[in-house]
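1. Make a model of this:
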Amino acid sequence: MALLNRLIPLVLRLRDVHPPTYHFLVRTGKRLLGSRLGVYPRVMGNEVAAVTDVLRGGQWNMVYGRGLAHERLEADFAEYVGVPHAIAVGTGGLGLAMSMRALGVRPGDEVIHQVDTCSATALSVMNAAGTPIFADIADSSFMLDPASVEQWRGPQTRALIATHMWGNPEDMRTLRSLADGAGIRLIEDACLGLGARVQGRPAGAWGDVGVFSFGCIKPIQGGEGGMIVTGDESLARELRAMRHWGDRTIEYGVRDVLQPAWNGRMSEIVAAVVREQLRGYPAHLSSLREGVARFAGFLRRLPGLSLVLGHGGSVEDSALTQVVLRIDERAAGITKQALWDGLAGRGVQLWHANFEPIGSLGLFKGGEWRQWIVRGDHDRIGRNYAHHFEVADRVYRSTGLGLGKMNFLSRGNVEHLERSLGEVFARAGVPGPAAAPETSTAESVVGPRGAR
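-> Numbers count the residues shown, from 1 in each chain. I've put the predicted structure just below:
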C-alpha cells in the first residue's frame, strides 16, 4: 500500500500530460484493485445476476404485472427506513417535485429550503409550479437555521424542505414542530441521507414524505432512480398514480387525469440494481463509519480542523456521503484555498462543505426567474434571492470543506488522506499532528461498538 500511495501523484500527473493513459490506468486500477483502492460506486450484492434475470424476463417496465423488481425494492426499502409505504420513481429530484405536487403545492405557493443545498432542490420546487424561498444555515450545524426560516416564512408558504446535507442528520424534531405550528407540510430531502438516524429514528421517516436518490454520488446507486417514502396511504396512492403521467387507472380503477404530472417511472433494470445495493449497504456503511472514526482521531490532533456532523451525536448517526470539515483559518494557520490546492494536488477527493448559495446562480441572480415564477409577490421574492445569507456564504468561501467518501473506504485511502494533510500543514509551516492519544480511535469517537 505504501508503494501504491507513492504511485498516486505520478498517475495524477498523467492526467494533464497524457489523458488517455491516465484514464486507462484508472479503469484498470478500479477493476483489479477496487477493494484496496476503496472505489465507489461498487457492486454490493448480486447486481449482475439481478439485472440478468430482468433482461431474460418479459418485463422491463414497471407498468404491468405483479411481483416485479420495483415492488420487491419498495417493500425492502420501506422496511429499511421504517415507514409503511415506498414509491419508486425515476430520480430523486423528480421525487421532490412529485411530492410537492401531491401535497398541494400550486402556482404562487412558496417552499422554503436552505440556500446552499443543491440547486436541484430549487429547480424541483419550480418544476412543481411552486416558488423556492431560501433560508440561511446555522454555523454550528451547516444546516437550516430555524430563525431564518421564520424570517422568510410568509402567507404563501406551503411547505418546508429539510435536507440531510451529505448524510448528516437535520434537527427534525425542531423542524417538525415548526411545520406543524405553522400549518405547512414538511418534506425530508434524504437524497444523501440513507442510513442516517435522527434522534434514534431513520432519516426520511419524520416528514410528510421523505425523498431518496440513487444517482451520482448518492449512498447507494442505480445509475439513476429515486424513492419516496410516506406513512400516509392515500398520499402513497396519489404518488403512484402521478408517476404514470397522473393516470389513475391502476390505483383507482378509473382512466382519468386530475392534474399535470410526469413520467416518473423507474425501470425494472434500475430497480434490480438498487435492491441489491440496498442489501449490501449496511456492511458498506459500517465500513465507511469505521474509516471516518479512525480519521476523526487523527483530525483532533490538527489545529483548526473539526468534523461537522449536523445534528448527530457521532459518526454512527450520519450516512457520511461526504465528510464535512469546519476550518478555522486562524487557528489552522492555513487558508481554505491553500488547503484545497494542497490536497487536490495529492489526489485527495474533495469539494466544498455545502454548495454555493443558490441565489448566486444566473437563473436567480439575473432575474430570469421572473419568466418562470408567474404568481406571487415578485418584490418579496426578489429580495429573498438578492439577500446576503451570511453564514452560508462564509461556509462556502472559507470555513467549510468536504472530503469525498472514497477517502474512507479503505485503510490505504485513510492513510493517504492523513499523510496528505500532514504534508500540506508542514508545507504551510504549521506543526504536524501531535502524538495520538492512548484511547482507541473508534471508541473515543463513536463509543463502544454498537452503541448509539
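2. neighbours around T52, how many?
-> 12 (other C-beta atoms under 10 Å). Using the backbone N, CA and C atoms, a C-beta is placed for each residue, glycine as well.
3. can you check D341 too?
-> 12.
4. Run through the neighbouring helices and strands of the host helix or strand of it.
-> Per DSSP states H and E, D341 falls inside helix 336-345. Contacts defined by 3 or more C-beta pairs under 8 Å, 6 or more residues apart in numbering; DSSP states H and E place helix 336-345 against strand 350-351, strand 400-404, helix 411-427.
5. Could you identify which of the ones you listed is most buried?
-> Scoring those by mean neighbour count under mean count of other C-beta atoms under 10 Å gives strand 400-404 as the most buried, with a mean of 22.
6. pLDDT (mean, whole number) over that strand?
-> For strand 400-404, mean pLDDT rounds to 97.
7. Can I get it as PDB, trimmed to CA atoms?
-> C-alpha atoms of strand 400-404 as PDB (Å, rounded to 0.1, in the frame of the first residue of the first chain):
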ATOM      1  CA  GLY A 400     -16.300  24.600   5.100                       C
ATOM      2  CA  LEU A 401     -14.600  21.700   3.300                       C
ATOM      3  CA  GLY A 402     -16.000  18.400   2.200                       C
ATOM      4  CA  LEU A 403     -14.000  15.200   1.800                       C
ATOM      5  CA  GLY A 404     -15.400  12.600  -0.600                       C
END
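8. strand partners of it, parallel vs antiparallel please.
-> Here strand 400-404 has these sheet partners by DSSP bridges: strand 322-327 (antiparallel), strand 350-351 (antiparallel).
9. Can you give the distance from the first one to the centre of its chain?
-> For strand 322-327, the gap between its own C-alpha mean and the chain's C-alpha mean amounts to 14 Å (C-alpha atoms, centre = their mean, to the nearest Å).
10. Average pLDDT for that strand, rounded please.
-> Mean pLDDT, computed over strand 322-327, is 97.
11. swap in the last one?
-> Averaging pLDDT along strand 350-351 gives 96.
12. Quick check: next helix or strand after it?
-> Heading C-terminal from strand 350-351 (DSSP H and E), you reach helix 362-365.
13. Tell me where the stretch 251-400 of the chain is predicted with low confidence.
-> Scanning the stretch 251-400 of the chain for pLDDT under 70 picks out nothing.
14. Show the residue spans covered by the helices in it.
-> For the stretch 251-400 of the chain, the helices defined by DSSP state H, counting those that start in this stretch cover 268-299, 329-332, 336-345, 362-365, 378-386, 390-394.
15. could you redo these as JSON lines and give each row distance to Q221?
-> Formatted as JSON lines, the helices of the stretch 251-400 of the chain follow (distance: least, C-beta to C-beta, whole Å):
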{"stretch": "helix 268-299", "distance to Q221": "6"}
{"stretch": "helix 329-332", "distance to Q221": "34"}
{"stretch": "helix 336-345", "distance to Q221": "24"}
{"stretch": "helix 362-365", "distance to Q221": "28"}
{"stretch": "helix 378-386", "distance to Q221": "33"}
{"stretch": "helix 390-394", "distance to Q221": "28"}
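16. With distance to R197 added, can I get the helices and strands packed on helix 336-345 in TSV?
-> Shown next, in TSV, are the helices and strands packed on helix 336-345 (distance: least, C-beta to C-beta, whole Å):
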stretch	distance to R197
strand 350-351	24
strand 400-404	21
helix 411-427	23
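17. re earlier: residues in contact with the helix holding D341?
-> 12, 327, 329, 332, 350, 397-401, 420-421, 423-424, 427-428 (C-beta atoms under 8 Å, 6 or more residues apart in numbering).
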